[in-house]
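Chemist: sharing a model that was predicted from the sequence below.
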Protein chains: 2
Amino acid sequence: MRNPKAPIGVFDSGVGGLTVLTALKKALPQEDFLYFGDTARVPYGSKPLSVVRRFAWEIAGFLLREGVKAIVVACNTASSAALPDLAEDLSVPVFGVLEPAAQVAQGYRKVGLIGTQATVGSRAYERYVDLSWAKACPLFVPLVEEGLWDDPVALLIARHYLEEAPEDLEALILGCTHYPYLKRTIAQVLPGVKLIDSAEATAGRVAEALAAEGLLNPEGRGQVVHYVTGDPESYRALAERLGVRVEALRRVSLEEL
Amino acid sequence: MRNPKAPIGVFDSGVGGLTVLTALKKALPQEDFLYFGDTARVPYGSKPLSVVRRFAWEIAGFLLREGVKAIVVACNTASSAALPDLAEDLSVPVFGVLEPAAQVAQGYRKVGLIGTQATVGSRAYERYVDLSWAKACPLFVPLVEEGLWDDPVALLIARHYLEEAPEDLEALILGCTHYPYLKRTIAQVLPGVKLIDSAEATAGRVAEALAAEGLLNPEGRGQVVHYVTGDPESYRALAERLGVRVEALRRVSLEEL
């Protein structure tokens, strides 16, 4: 398993983790990636944590069988549900998205969190940072998965969720990897609030750790193979609208997990 | 299988089919029911029809093993995907929700349809009625499943989807069993348009057919057992907010299907 030339596995419930993948590719241009989008079972955020934990283990097992050298859980709900266990019990390095985002947030006095119901309800962020406000935004994931992030309805929904945020909020953690696609909209509703997304912070953490463990790929070419459990063509269309070109794409049936 | 005392199986992706269950209980107070909500896999409407067809067959098989005497597919997406095949290939009577709603719509000149992407895209309604306008409303199901139907955001989203409806529309088919929970909101946006929901029409059709086939229960007591694939307590809370009291409730794992 400790093969530096192996790809890095990255997974999310759907297209949200592509924000993390994009940051990883930028930080680690010589790495190859397997991106796994569990589009047949999106959304995760309204499901019980025990169910999401099972999904995370299934997908981690699949990625390990595909030979990855490290796993990035590019989904806040799955990170809340399955970490730190997954990191302790697997033989490859496992990275979640909560701690890197929380670490950035520690530099601000009054910090808020938005996320799925599961993530907010798990209180997993509170392990790393004190929160002044937290709000579940259950419609944000369907909004992005339906490709409506630039639609006027996105602004209406964002206003609805965010209107009750404290006026003196300094920073807001975008506690779901889908939310960065709504960043411009959220900034319109909360001007002056620092929006923290976990993508860059996580990518930096992964780069450091792989270097420290001697796992950097000396000869990768930045290739990405996408695996999805739902309809491949809908995924390709949506990813490309999000600015991610999908070359290699494979449908994985849930029975293979 | 032809046991009049057996319950009627009713299924949907989530809580939407409860609109049909309520109408069935009213039309057939002496019948017992099994209601199956596939809450672990909701929503259906953004999934490929082939996937939804497989879900419908799995659930129909489960309901038959539980001994139902008839099956009501209380979900427009599943009806679009799996009917008429399911009705032709099973040994018990199978009822969908499209034809009854379409039949009511035939009494109007200019008819529109709202539904999930899968239902609208399948063009299944066009088998039964001419449509002047059709619109997929992908956020309506998450809105209801998240319990937000009475929330101001519902009105904003409804305005967004419905603002381009033709001014001279006479009737609008609520082509998804979740949508009747948004009826008041939709009526606010489209005053004067007849809103057609399939619940009552379907219940009438089921009552007639069971009578004709000698399958009416002479001694049932209107009992309902609810089966869900997702979290039972979230389901109970949501169903009760929708006015459906849940007494008997069982979690079914997807492996049992």
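Modeler: Everything's here; your move. Numbering: from 1, shown residues only, chains lettered A, B, ... in the order given.

Chemist: got the contact list for the helix or strand harbouring residue A:141?
Modeler: In this assignment (DSSP states H and E), residue A:141 forms part of helix A:140-145. For helix A:140-145, contacts defined as Cβ atoms under 8 Å, 6 or more residues apart in numbering or on different chains pick out A:13-16, A:39, A:42-43, A:45, A:114, A:116, A:149, A:151, A:153-154, A:157, A:161, A:176, A:178-179, A:181-182, A:238, B:43, B:46, B:138-139, B:142. C-beta coordinates here come from the backbone N, C-alpha and C atoms, glycine included.

Chemist: which phi and psi does residue A:112 have?
Modeler: phi -110, psi 170 (degrees, to the nearest 10).

Chemist: who's in contact with residue A:222?
Modeler: Contacts for residue A:222 (Cβ under 8 Å, 6+ apart) come out as A:25, A:29-32.

Chemist: sec struct for it, please.
Modeler: Here residue A:222 is coil, with the state taken from DSSP: H, G, I helix; E, B strand; the rest coil.

Chemist: and it, what are its phi and psi?
Modeler: When read as degrees, to the nearest 10, the backbone of residue A:222 gives phi 70, psi 30.

Chemist: any idea how far it is from chain B?
Modeler: 30 Å (Cβ to the nearest Cβ, to the nearest Å).

Chemist: and for residue A:69?
Modeler: Counting by Cβ to the nearest Cβ, the separation of residue A:69 from chain B is 31 Å.

Chemist: my guess is that residue contacts residue A:31. True?
Modeler: No: if you go by Cβ atoms under 8 Å, residue A:69 and residue A:31 don't touch, sitting 9.3 Å apart.

Chemist: tell me which of those two has more neighbours.
Modeler: Ranked by neighbour count (other Cβ atoms under 10 Å in any protein chain shown), residue A:69 and residue A:31 place residue A:31 first, with 26 against 23.

Chemist: for residue A:224, the count of nearby residues, please.
Modeler: Residue A:224 has 22 nearby residues by other Cβ under 10 Å.

Chemist: hey, what's the spatially closest residue to it that is not a sequence neighbour bridged with?
Modeler: Spatially, and ignoring its direct neighbours in sequence, residue A:224 is nearest to residue A:33 (4.6 Å; Cβ to Cβ, 6 or more residues apart in numbering or on different chains). Assessed by DSSP bridges, residue A:33 has beta-bridge partners residue A:8, residue A:224.

Chemist: list residues touching both of residue A:69 and residue A:31?
Modeler: Taking Cβ under 8 Å, 6+ apart as the criterion, residue A:69 and residue A:31 both touch A:7-8.

Chemist: all helices of chain A, in order?
Modeler: Assigned by DSSP state H, chain A shows helices spanning A:18-27, A:49-65, A:76-82, A:85-89, A:98-105, A:117-122, A:140-145, A:152-162, A:183-189, A:198-212, A:232-241.

Chemist: among the ones you listed, show me which one is buried the most.
Modeler: The highest mean neighbour count among these, using mean count of other Cβ atoms under 10 Å in any protein chain shown, belongs to helix A:76-82: a mean of 30.

Chemist: which bits of the stretch 1-150 of chain A sit near chain B?
Modeler: A:40-41, A:43, A:46-48, A:51, A:138-139, A:142-143, A:145-146, A:148 (Cβ under 8 Å from any Cβ of the partner chain).

Chemist: can you add pLDDT and give the residues you listed back as JSON lines?
Modeler: Below are these laid out as JSON lines (pLDDT from 0 to 100):
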{"residue": "A:40", "pLDDT": "91"}
{"residue": "A:41", "pLDDT": "92"}
{"residue": "A:43", "pLDDT": "91"}
{"residue": "A:46", "pLDDT": "87"}
{"residue": "A:47", "pLDDT": "89"}
{"residue": "A:48", "pLDDT": "88"}
{"residue": "A:51", "pLDDT": "90"}
{"residue": "A:138", "pLDDT": "90"}
{"residue": "A:139", "pLDDT": "92"}
{"residue": "A:142", "pLDDT": "89"}
{"residue": "A:143", "pLDDT": "91"}
{"residue": "A:145", "pLDDT": "85"}
{"residue": "A:146", "pLDDT": "83"}
{"residue": "A:148", "pLDDT": "86"}
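
Chemist: list only those of those flagged as buried.
Modeler: Using 16 or more other Cβ atoms under 10 Å in any protein chain shown as the burial test, those include A:40-41, A:43, A:46-48, A:51, A:138-139, A:142-143, A:145-146, A:148 as buried.

Chemist: so can I have a markdown table of the helices of chain A showing distance to residue B:247?
Modeler: Below are the helices of chain A laid out as a markdown table (distance: least, Cβ to Cβ, whole Å):
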| stretch | distance to residue B:247 |
| --- | --- |
| helix A:18-27 | 44 |
| helix A:49-65 | 24 |
| helix A:76-82 | 31 |
| helix A:85-89 | 36 |
| helix A:98-105 | 39 |
| helix A:117-122 | 26 |
| helix A:140-145 | 31 |
| helix A:152-162 | 34 |
| helix A:183-189 | 43 |
| helix A:198-212 | 43 |
| helix A:232-241 | 39 |
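
Chemist: roughly how far out does the helix holding residue A:141 sit from the chain middle?
Modeler: In this view, helix A:140-145 has its centroid 13 Å away from the chain centroid, taken as Cα atoms, centre = their mean, to the nearest Å.

Chemist: repeat for stretch A:178-195
Modeler: Relative to its chain's centre, stretch A:178-195 lies at 17 Å (Cα atoms, centre = their mean).

Chemist: would you mind writing the CA trace of it as CSV?
Modeler: Extracted in CSV, the C-alpha atoms of stretch A:178-195 (Å, rounded to 0.1, in the frame of the first residue of the first chain):
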residue,chain,number,x,y,z
HIS,A,178,-20.8,21.8,-1.9
TYR,A,179,-21.1,25.2,-0.4
PRO,A,180,-18.1,26.9,-2.1
TYR,A,181,-20.1,26.8,-5.3
LEU,A,182,-22.5,29.2,-3.5
LYS,A,183,-19.7,31.4,-2.2
ARG,A,184,-20.6,34.5,-4.3
THR,A,185,-24.3,34.2,-3.3
ILE,A,186,-23.4,33.8,0.4
ALA,A,187,-21.0,36.8,0.2
GLN,A,188,-23.9,38.9,-1.2
VAL,A,189,-26.0,38.1,1.9
LEU,A,190,-23.1,38.4,4.4
PRO,A,191,-20.8,41.0,3.0
GLY,A,192,-17.7,41.5,5.1
VAL,A,193,-17.8,38.1,6.7
LYS,A,194,-14.8,35.9,6.0
LEU,A,195,-16.0,32.7,4.3
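
Chemist: does it reach chain B?
Modeler: No: Stretch A:178-195 stays clear of chain B (Cβ under 8 Å from any Cβ), getting no nearer than 12.9 Å.

Chemist: and for stretch A:235-242?
Modeler: No: on the criterion Cβ under 8 Å from any Cβ, stretch A:235-242 is out of touch with chain B, staying 10.3 Å away.

Chemist: so what touches that stretch?
Modeler: A:15, A:18, A:37, A:39, A:145, A:147, A:181, A:226, A:228, A:245-246, A:249.

Chemist: now do 10 Å
Modeler: By Cβ atoms under 10 Å, 6 or more residues apart in numbering or on different chains, the list of residues contacting stretch A:235-242 from outside reads A:14-16, A:18-19, A:21-22, A:35, A:37, A:39, A:144-147, A:149-150, A:180-181, A:226-229, A:231, A:244-247, A:249, A:251.

Chemist: mind giving me the PyMOL command for buried ones among these?
Modeler: Here is the PyMOL selection string for the buried members of the contacts of stretch A:235-242, based on 16+ other Cβ under 10 Å:
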select buried, chain A and resi 14+15+16+18+19+21+22+35+37+39+144+145+146+147+149+180+181+226+227+228+229+231+244+246+249+251
